[in-house]
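Visitor: model this:
(chains A, B and C)
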Amino acid sequence: MRLALGVSRRALCATLLALIAASLAPPSLQAKEWTTIRIGTEGAYPPFNFVDSNQQLQGFDIDIAKAICDEEKVTCEFVAQDWDGLIPALLAGKYDAIFASMSITEERKNAIAFSNKYYQSPALFVADKKNAALVPTPQAMAGKTIGAQSATVSAKYLDGVFAPAGAEIKLYATQDEANLDLASGRVDAVLADKVVMLPWLEKSPDGRCCQMIGADVNDPKYFGEGIGAGLRKDDPDLKALIDKGIADIRANGAYAKINAKYFPFSLY
Amino acid sequence: MTAADFLGSAGFDPVLLDQYGPSLLRGLRTTLALVAISVPLGFALALPLAFVRVEGGPLLRAAATGFTGFFRGTPLLAQLFLLYYGAAQFHGALQAAGVWWMFRDAFWCAILTFTLNTASYQAEILRGAAQAIPAGQIEAGRALGFGQFGIYRAIVGPQALILALRPLGNELILMIKASSLASVVTVVDLMGASKRAFSGSLDFEVYLWAALIYLALVEIVRRIWNALERRMTRHLRTA
Amino acid sequence: MSEALASLAYGPDGWGDELLSGLWLTVRLALTALPFGLGIGLGVALLKDSRSWTGRLFGEAYTTVFRGLPELLTIFIVYFGAPRLLSASVAWTERLTGREPSGFAAAVDGFTAGVVALALVFGAFSSEVFLGAIRGVPGSQREAAESLGLSRFATFRLVILPQVWRLALPGLTNNWLVMLKDTSLVSVIALAELMRQSDVAARATHEPFLFYLVACLLYLGLSGLSTAGALWLERRAGRSFASAARQG
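Guide: Residues are numbered from 1 along each chain as shown, chains lettered A, B, ... in the order given. Next up is the predicted model:
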């Protein structure tokens, strides 16, 4: 028994090492004619992408993607995927493009490519009205608990700037869950995109608890150069197609129409 | 040769290890704390539960059966969501009752859920073990003038515990694995730390480190438990 | 309260139909994984029982890994790792056989990944149950069969296997109940099974307590049905032993 177990661990190591080796093998390049684009999105980030009560994906990201596909005469198929897994699933070939309000950052560029930006928005701290006097600086937030959605630019910013100064950072799978915990007082503040938090503060029943504190946050080191579609690096022709689509819908007024449907101000 | 060199030479990425290794180890500490607190608490709760299930009156017995049935028949993930996000709906009432501090903190909320869950499984194990003790021994105890409590303390208890040792060890290992669910309610345990490392690095390798750490942990606990079991059953191995 | 109950209604305004479709997917996941898991379990049990040293080694390694890993981690590894493993092994084969690289990129959808992960774990736990059952058949029967001139394989197929089923049934029932609950973990890879649908509904309606409670009750129902089914199966499998075994 003891012998068998001793050796079995070695076999296990070998298996795992083989798995690692396989996962490090380089991907192959190929040219492809795009007629159908499979699009990954989160579906839990209103008003940019969410599932309505008829189980349909809706939102700004979805409308923009559909407009681009219409304009470039390709078929769009949507796939819902948890935020955490969006980039890994893109790399694993589960879809071809991400339209999920993803910020274009240097760090993400190591793994994937981005289209040109299709909108831009600063981030914002939101806190309970009881804590309205809170100043969102790293020093003042020491010892406080701050929530954000995991794997977002806000999360990276909190980890990089506020955690070292002594704030506790809680990361959630979805923005909704972070907001829920803000409303119930489990976190002292939440950092997230301004255009997502403003409608939540104004319209959601939970949002009444809270208000924005401090000024817009847009440290370029963390917040990048806007929101773009995430793409695999080995699909340059798809990037060209989507970039052209963005430019075309900007030019022909389709973008402005979608913008007006969701926000009374320009997002671009 | 340092541990990092060794892992590096085994095909692991040393830069990645340097960046995320420490946070994984901190996560491991949280995992150990989750298990080390909830499993003994669960045991303390399982003892009366099992006793009630064997000896309680019809009402108490039904309550205990319902309790253990609910926690054994539903997924731990659903229980965790129910107690974490479900509780937030009543935070006013919980605050008034003075228990919100426990529901407020994800770590303690996870401890509470795990404790209730493992208590149900442990109670079932203990009940099974207690009922495996031949009825003749209990009758003999009664004939010798032992009270109900005395019979459990002196006759049924010690033997049932030995019978329950192996399944309790399995339950401990299941809880080590199940503790990884705490990561879905923001607790940064080993699983949570590796999820953070994965979303930061997008390198699949971090999940393999987590896998190796969990396997090592389970194997170590299994061996310690086996040694413990051998020690405690020494007197039974005469032949 | 009546508003909350209305959110459970069937149809476009309520979440009843979504929950039921989630429940159905949960059942399909578990039922699809079951035969694969049983196959793996029996196969691995035979390996662990085999005379071959490498067979036993592989069997033990398999069980150690898939029993020891948290199911959540197994699901992540299968979902994110399997496509790379598949693509890489195709690329390797092509390189080894000197063919043009086809650039094959494997895609594993959530359902497949969930079924594979559940079957791997079910197989690991069930191999122990099968092994116990195989060893539970008295050795004298094996000797008797051999003395009748039956081959090792025929002995296994005709004498051991029919009894293994009966002996393994209680253990397998237990594993099935565990797997039924483990399907909830597949929700983390965005498969719209019961847990996921309850999640979506809880967020959309701001009634997390209600929807998670309903999810729990539905799982409880599934467990209850399974237990009843298993009892019926056990009674059937034990039929021929009824008179002899019930006495003991």
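Visitor: Just say helix, strand or coil for B:Phe12.
Guide: coil (DSSP: H, G, I helix; E, B strand; the rest coil).
Visitor: The closest residue to it other than its chain neighbours: neighbouring residues, count only.
Guide: In space, and not counting its chain neighbours, B:Phe12 is closest to B:Glu205: 6.6 Å by CB to CB, 6 or more residues apart in numbering or on different chains. Heads up, the C-betas are built off the backbone N, CA and C, glycines and all. B:Glu205 is flanked by 20 other residues according to other CB atoms under 10 Å in any protein chain shown.
Visitor: Can you pull the phi/psi pair for B:Glu205?
Guide: phi -50, psi -30 (degrees, to the nearest 10).
Visitor: so how far is whichever strand or helix holds B:Gly192 from its chain's centroid?
Guide: Using DSSP states H and E, B:Gly192 falls within helix B:190-201. Distance of helix B:190-201 from its chain centroid, counting by CA atoms, centre = their mean, to the nearest Å, is 23 Å.
Visitor: And the closest residue to chain C within the stretch 101-250 of chain A, which helix or strand is it part of?
Guide: For the stretch 101-250 of chain A, the residue closest to chain C is A:Asp176, as judged by CB to the nearest CB, at 4.7 Å. Using DSSP H and E, A:Asp176 sits within helix A:175-183.
Visitor: quick one: is that helix near chain B?
Guide: Yes. Against chain B, helix A:175-183 shows contacts by CB under 8 Å from any CB of the partner chain at A:177, A:180-181, A:183.
Visitor: tell me which strands and helices the helix holding B:Gly192 is in contact with?
Guide: helix B:14-55, helix B:205-232, helix C:71-76 (3 or more CB pairs under 8 Å, 6 or more residues apart in numbering or on different chains; DSSP states H and E).
Visitor: Contacts for it, please.
Guide: A:84, A:88, A:107, A:150-151, A:156, A:171, B:16, B:19-20, B:23-24, B:26-28, B:30-31, B:179-183, B:186, B:188, B:204, B:206-207, B:209-210, B:213-214, C:70, C:72-73 (CB atoms under 8 Å, 6 or more residues apart in numbering or on different chains).
Visitor: Need the mean per-residue confidence for that helix.
Guide: If you average the pLDDT over helix B:190-201, you get 89.
Visitor: tilt between it and helix B:205-232?
Guide: 170 degrees (axes from the mean of the first three to the mean of the last three CA atoms, to 10 degrees).
Visitor: circling back: among the contacts of helix B:190-201, name the buried ones.
Guide: A:84, A:88, A:150-151, A:156, A:171, B:16, B:20, B:23-24, B:27-28, B:30-31, B:179-183, B:186, B:188, B:204, B:206-207, B:209-210, B:213-214, C:70, C:72-73 (16 or more other CB atoms under 10 Å in any protein chain shown).
Visitor: and the gap between the nearest residue to A:Lys144 once chain neighbours are set aside and A:Ile213?
Guide: Closest residue to A:Lys144 apart from its sequence neighbours, by CB to CB, 6+ apart: A:Asp188 at 4.3 Å. Here the distance between A:Asp188 and A:Ile213 works out to 10 Å (CB to CB, to the nearest Å).
Visitor: now C:Pro138
Guide: 75 Å.
Visitor: Mind checking which of those two has more residues around it?
Guide: A:Ile213 (18 against 10).
Visitor: what residues does the helix or strand that one falls within touch?
Guide: Using DSSP H and E, A:Ile213 sits within strand A:210-217. By CB under 8 Å, 6+ apart, the surrounding residues in contact with strand A:210-217 are A:122-129, A:131-132, A:134-137, A:157, A:182-183, A:189, A:191, A:194, A:197-198, A:201, A:223.
Visitor: What does the nearest residue to C:Lys48 once chain neighbours are set aside show for phi and psi?
Guide: By the measure of CB to CB, 6+ apart, the closest residue to C:Lys48 outside its immediate chain neighbours is C:Gly59, 3.6 Å from it. Phi and psi for C:Gly59, reported as degrees, to the nearest 10, are phi -60, psi -50.
Visitor: what does the stretch 51-200 of chain A put close to chain C?
Guide: A:51, A:53-55, A:80-82, A:85, A:88-89, A:92-94, A:174, A:176-177, A:180.
Visitor: Take the contacts of strand A:210-217 and keep only those in helices.
Guide: A:157, A:182-183, A:194, A:197-198, A:201, A:223 (DSSP state H).
Visitor: picking that back up, just name whatever secondary elements the helix holding A:Asp176 is in contact with.
Guide: strand A:44-45, strand A:123-128, strand A:145-149, strand A:168-172, strand A:189-193, helix B:76-88, helix C:194-205.
Visitor: What is the last one packed up against?
Guide: It stands for helix C:194-205. Counting by 3+ CB pairs under 8 Å, 6+ apart, helix C:194-205 packs on helix A:175-183, helix B:76-88, helix C:16-48, helix C:208-237.
Visitor: what about that helix, average pLDDT?
Guide: Here the average pLDDT along helix C:194-205 is 88.
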